[in-house]
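**Q** here is my input; please provide its structure:
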Amino acid sequence: MSNGLTMREPDQATQILVIDDNPEDRELLERLAHAAAAPAHVYTATNGWEGAAWLEAHGADCVLLDFQLDGEDGLAVLGDLGQIEPFCPVIIMTGHGSERTAVSSMMSGAADYLVKGEITEGTLREAIGKARAKAAERRKAAEQDDTQKRFLKTLTHDLRAPLRQIGGFASLALRDYDTAEGGRVKDLLEQQMAATRAAVELLDTLSAYALLEETVGLTPVDLDVVVAQASDNLSAYITERAGEVHTGQLPPVVGNQVQLVQLFQNLIQNGIKYNKSDRPTVTIETVTRSDRQATIVVSDNGIGIPTDSLDAIFAPLKRLWGPVDYEGSGLGLAICKKIAAGHGGRIWCTSIKSKGSRFFVMLPAAKERPQDASVATDTVAG
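**A** Numbers count the residues shown, from 1 in each chain. Alright, predicted model coming up:
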């Protein structure tokens, strides 16, 4: 057992921090936590300062905090921990049950409240499970709120330009019409329509991203057909850029056809768009396949992505390059990530600047190809 701050190597086990100044209670809580959250690593601290230092340096999945630390206000320590890790659940413990203390703890941000003499392996397991579930919900809500704020910022910023253009072109068209200089009216109206289409496209992409929150049915899908449809949807764009799309034989997966077309369409379009080669090329191949999952790689010979941005590129509305250089909503890869996650899979990227990028898509494997491999075409690229 530990006395003071314990240092251990983190792994996939649940990380629990116990902050208690009583050696016997600390030892008992460490033992119970090991059993309740197995597999678990339990780290202990004798006071709020040590506990806060550990949490700031290493993080934790859950904190068990003694309400009555010697010389310290338990609620003040709770507040300090919340400042360090806002979404780390903290369970308050006290030697004597008090409704007033329980209410104060919960109102101050504690995930739960336990009386030490009543804590068992079972009650602690239940408390830790509920506390972590609440924390996950809070984190998800905060992320959604952050996304909504960025949506609003994008709407006010990115829509302002095309709407201003629409008004400006309309004003010029009216002026030319009134002065009998009608020759330019048609050109101005065409520019107005182009600005309108840009605004509508942005709204459609934002709407498509938001709708991915909805649950969809997953069935066996033929990825060969999916990728062929995605390429067909982009055929005019690929031809315009003198691009090429090469595919190997791809395995069947379990998924939603429309969403998977959208995912691969976004990846193909990005590979062609962010590319300065004379012949932009995208190659789609199978990396691994098992009974449970399949991994597909989408490679390109484009401009590449800086190493420190490989995770950030999947954030909603994240743009590495300005709209003057490359048009786009900043949602294409965020849509890909959300689709992959909705399928129980994931997406990640490796890249070499000026050499190209490789996007890996892991999806659940299907046992056999579907009989009807028709794919809908109403997708939105980012």
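**Q** and for residue 302, the neighbour number?
**A** By other CB atoms under 10 Å, 22 other residues sit near residue 302. To be clear about C-beta, it is placed using only N, CA and C from the backbone, and glycine gets the same treatment.
**Q** what do you get for residue 369?
**A** With other CB under 10 Å as criterion, residue 369 counts 15.
**Q** that one: what's it in contact with?
**A** The contact partners of residue 369, by CB atoms under 8 Å, 6 or more residues apart in numbering, come to 220, 222, 252.
**Q** same check on residue 130?
**A** Per CB under 8 Å, 6+ apart, neighbours of residue 130: 111-112.
**Q** you'd agree it is in a strand?
**A** No. Counting by DSSP: H, G, I helix; E, B strand; the rest coil, residue 130 is not part of a strand but helix.
**Q** can you read off the pLDDT for it?
**A** According to the prediction, residue 130 has pLDDT 88.
**Q** for residue 29, which non-adjacent residue is closest in space?
**A** residue 18 (4.9 Å; CB to CB, 6 or more residues apart in numbering).
**Q** among the contacts of residue 369, which are located in helices?
**A** Among the contacts of residue 369, no member is found in helices (DSSP state H).
**Q** what's across from residue 253 in the sheet?
**A** Beta-bridge pairing for residue 253 (DSSP bridges): residue 221, residue 365.
**Q** could you check the pLDDT of it?
**A** 95.
**Q** residues touching it, list them.
**A** Neighbouring residues of residue 253 by CB under 8 Å, 6+ apart: 220-221, 223, 260, 294, 343, 363-366.
**Q** pull the most distant pair out of those residues.
**A** The span of those, defined through CB to CB, is set by 260 and 365 at 13.4 Å.
**Q** those two: who's more crowded?
**A** Neighbours per residue, other CB under 10 Å: of residue 260 and residue 365, the larger number sits with residue 260, 27 against 18.
**Q** so after the host helix or strand of residue 335, what's the next helix or strand?
**A** Secondary structure assigned from DSSP states H and E places residue 335 in helix 332-342. Helices and strands here follow DSSP H and E; after helix 332-342, the next one along the chain is strand 346-352.
**Q** pairing partners for that following strand, with directions?
**A** In the sheet, strand 346-352 lines up with strand 356-364 (antiparallel) (DSSP bridges).
**Q** mind checking how far the partner strand is from the chain centre?
**A** 16 Å (CA atoms, centre = their mean, to the nearest Å).
**Q** strands along the stretch 51-200 of the chain, start to end?
**A** With DSSP state E, counting those that start in this stretch as the criterion, the stretch 51-200 of the chain has strands at 62-66, 90-94, 112-115.
**Q** and those, which is most packed in?
**A** strand 62-66 (a mean of 27; mean count of other CB atoms under 10 Å).
**Q** partner strands of that strand, parallel or antiparallel?
**A** Strand 62-66 has these strand partners (DSSP bridges): strand 14-19 (parallel), strand 90-94 (parallel).
**Q** sweet, I'm off.
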